[in-house]
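J.: I would like to see how this sequence folds:
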Amino acid sequence: MKKILWYLTALSILGLIITSYSYSQTNSYRLISYKDVKHELTGNNYPNVLKTYDMAIDQGRNRAYVTSILTPYAAIIDLNTKTEVGSVSYPFGGAFLLTSVSVNPANGYLLMSWIEDTIPKQYLVNPDNSQNLGTYYYSSTRASTAFDSLRNRVLIGDGTKIKILSGSNLSAIDSVSAGFTIGSIATDSAYRFMYVTSKSPLAGNTVVKVFSLNSPYALSRTINIPYASPLGVSDIDSARGKLILRGINDIVIANINTGAVINSKFLSSAPTGTAYQRNTQIYYLINPNEYSHEGQGGAWGKLYIYNTVSGTLDSMKKGDKSYPLQIQKSTNKLVWCDMHSGYLEMYNTSSGAIDSVHYAVSLDYLDHSPDGDNVFMVSRLGGSDVIKYNISSQTFTKFKAGNWPSVVKVDSSTNKMYVYNHFQSSISVFNAGTNALLTTIELPINEGRTDAIPTMEIDRVNKKIYVAVPEFQKMCVVNMLTNNVDNTIDLTGYNYTDGGGVGYIQMMPAPDFNKLFVLYKNQRKMKIYNTATYTNPDSMTFGTLWSDTTSLMSESVMTYDSVSNRLFMGNIVINSQTNAIAGTVPKSSKILGYKKDRSKMYGITIVNDTIKIYEHLPASPYTVTATKVLFKRHAYIPNFDYDANKNDFYIAEFNYGLFRHYDLDSSVVSSVGNTVLIPHEFTLKQNYPNPFNPTTKIGFSLPVSMVVSIDIYDNSGRLIEKLINNQTLPAGEYIKEFDGGGLASGIYYYRIQANEFAEVKKMVLLK
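T.: Numbering: from 1, shown residues only. Below is the predicted model of the structure:
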């Protein structure tokens, strides 16, 4: 980490003070460009929100909040302008967070929860500054929540209790006993009553207790609904005397007074999102992946359309794995977010028109073009796009392949680009120069249906494409000249049991010996096929010999070098002719390749939040001659590509949509000096001094030019001052002074937004 000395005022830019710092010396490579690809493609500067899970609408401000599984942010979508307008940082950390969100209608605060938390809790978050205003800890079984907008109350089901909490800070106000384990809570539109449903049927009935929302929250009546399956109240149509209830697969419309069932329907699949349109009395439900097993080329959602008057049911294909579903009341549009595509959809139920807002971009795989002028990437979870980066102009364009493109490979001799489409079991073939689609190769394997992402390799000498599909334990061999599938190989024994992810089965051709090495990564074993027959493969295992820190490099463990006849599998060196292990490479976990003049061999490893590239002597024992450190802002899957001809290195962060281009011929050493240093990464420093009276300094660093805002908030979330307001600043280290002379002692917060980065820190004014 950088060791900061707050000492030298150097020069003023846009009202800011640029300062030189003293660093412990760090060797790195020259950073040619650092791009937020989401910003480049969508035009906004907000953090990436990838693989979405939940959504809530603030009906008062016509905003939608969309939560992410792979990044700790929720996107803020303006439903009127159909644009992304901000982001909310989660009040908890970690990865793969299934985060629920709902909006308090009284003040627009968000109730957020990590649903797999070992200690269940709810957080109340101000979406304007990401400040956590209060936390509720469950003491028993977690149930649903509701809001009393009239009195600014949050109603939380906790075991057999309804906890009445303040909608401003989640402080306890009261508690009501339901007399049974609670399943759901709902309030009527006038906020007179709350309807509390039993988690399990009682005496053959779904029991709904109706409590007053005025203290002392007296029981008004009990409704027994003669239905033996568990139901929860989804909506209350008091004007028409209806309760709209749903179970796992059931829709039930009941009389709000007597509990008599008016009509009901059993669905073929369990919905995850529901919305009741009052003006039409239509109840909409969505299942995220009903069509995934019907040859539709994806995990498409099924939108159920249930007429609560006639009891008729219709359905249609909508959304790409859509979990939530709500209605924007001012327009009567259905709104949902697609987990896979990175789009929010707004559906006009009258015209059938759909408006979309693009809020996510993923960078799944990289390969450079034959002329070295472009880098190609695929965006599997962020729009099913192929993304082309022009190195000279540093600009991005996108175009479509198939559904869920997961691997891109370029053949230099034919100037063709091959994109494997996971959810269609097909390969799109493009002209790598013009981006024109030349043909589509259909594979004789069922479409992929899980996160077991297939891999693809190209034998550029023998003109063959290899595609491995883990969940079906199959591999296809495609002739690149005829575009025909020549063979389908059974990979028996390479059982898919790992639950999803990238790179479980990997391949690397050794064309000099007509061999194909097929690695089952998690089991540390390999099959070696003769590419003339593909029968009776040799095998080998690695055990603890493999220093496996390559887990973050899931799809790119192997490299083949035709000059030395070496296959580098992680840190293991294999003689490609004899299949014998010839040793290991020190330090590196994966070999990138040799520089074109073979003066160096490059290896890479990832430890925690740091990427290191090692320069090795080109022959065994591959002694390390230099170590370079590339800082990585976030901690998920980095994908990379090495161009030996240009000696350039490209790295992209899959989940944050960040792309970097390094020149490996040019080294950079961070050290003490009187010149402005270009930092390796974005950072927001703790203010100094802290506590302060009345002034303090806030420091931050920018690796490239960014649009920067810094806002100051008090402890209630009120905006105090815009310290920096959307100013474009060049790369460098900055200090901005804040004067709290006119403020009272207390806790304050400062929040920075710099392109896709957002961070909040606390400071204390003590007079």
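J.: Would you map the helices across the protein?
T.: Remark: helices assigned in the chain by DSSP state H are 37-42.
J.: So, low pLDDT: which residues of the chain?
T.: For the chain, applying pLDDT under 70 flags the ranges 1-26, 94-95, 292-298, 448-451, 495-501, 547-555, 608-609, 631-636, 669-681, 756.
J.: Do I have it right that Asp486 meets Val477?
T.: Yes. Applying Cβ atoms under 8 Å as the test, Asp486 and Val477 come out as touching, 4.9 Å apart. (Each C-beta comes from the backbone N, C-alpha and C, glycine too.)
J.: hey, what's in contact with both of those two?
T.: Common contacts of Asp486 and Val477 (Cβ atoms under 8 Å, 6 or more residues apart in numbering): Lys464.
J.: between the two, which one's more packed in?
T.: Higher neighbour count among Asp486 and Val477: Val477, with 19 against 12, using other Cβ atoms under 10 Å.
J.: residues touching that one, list them.
T.: The neighbourhood of Val477, defined by Cβ under 8 Å, 6+ apart, consists of Lys464, Ile465, Tyr466, Val485, Asp486, Asn487, Thr488, Ile489, Thr531, Tyr534.
J.: Give me the buried entries from those.
T.: Among those, those scoring as buried are Lys464, Ile465, Tyr466, Val485, Thr488, Ile489, Thr531, Tyr534 (criterion: 16 or more other Cβ atoms under 10 Å).
J.: Give me the subset of the residues you listed that lies in strands.
T.: Within the buried ones among the contacts of Val477, residues falling in strands by DSSP state E are Lys464, Ile465, Tyr466, Val485, Thr488, Ile489.
J.: out of the residues you listed, which one sits closest to Thr434?
T.: Of all these, Thr434 sits closest to Ile465, with 20.8 Å by Cβ to Cβ.
J.: Mind listing the residues bridging to the closest one?
T.: Ile458, Val478 (DSSP bridges).
J.: contacting residues for it?
T.: Applying Cβ under 8 Å, 6+ apart to Ile465 gives the contacts Lys409, Tyr418, Ile427, Met456, Glu457, Ile458, Asp459, Cys476, Val477, Val478, Met480.
J.: Tell me the most packed of these, by neighbour count.
T.: Within the contacts of Ile465, Ile427 tops the neighbour count with 27 neighbours, counted by other Cβ under 10 Å.
J.: Quick check: nearest residue in space to that one, chain neighbours excluded?
T.: Closest residue in space to Ile427, ignoring its immediate chain neighbours: Ile441 at 4.2 Å, by Cβ to Cβ, 6 or more residues apart in numbering.
J.: list the contacts for that neighbour?
T.: By Cβ under 8 Å, 6+ apart, the contact set of Ile441 is Ser426, Ile427, Val429, Val478, Asn483, Val485.
J.: try it again with 7 Å
T.: Neighbouring residues of Ile441 by Cβ atoms under 7 Å, 6 or more residues apart in numbering: Ser426, Ile427, Val429, Val478, Asn483.
J.: now those as a markdown table including distance to Ala218?
T.: What follows is those, written out as a markdown table (distance: Cβ to Cβ, whole Å):
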| residue | distance to Ala218 |
| --- | --- |
| Ser426 | 63 |
| Ile427 | 67 |
| Val429 | 71 |
| Val478 | 72 |
| Asn483 | 74 |
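J.: Go ahead and confirm Thr696 touches Gly741.
T.: No. Using Cβ atoms under 7 Å, Thr696 makes no contact with Gly741, being 11.3 Å away.
J.: between the two, who's got more neighbours?
T.: Using other Cβ under 10 Å, the more surrounded residue of Thr696 and Gly741 is Thr696, with 22 against 9.
J.: Bridged to that one, which residues?
T.: Residues in beta-bridge contact with Thr696 (DSSP bridges): Phe738.
J.: For the closest residue to Lys587 other than its chain neighbours, grab the count of nearby residues.
T.: Distances taken as Cβ to Cβ, 6+ apart put Tyr614 closest to Lys587, at 4.8 Å, once the chain neighbours are dropped. By other Cβ under 10 Å, 24 other residues sit near Tyr614.
J.: Tyr614 touches Thr625, doesn't it?
T.: No. Tyr614 is beyond contact range of Thr625, at 8.4 Å (criterion: Cβ under 7 Å).
J.: Many thanks, we can stop here.
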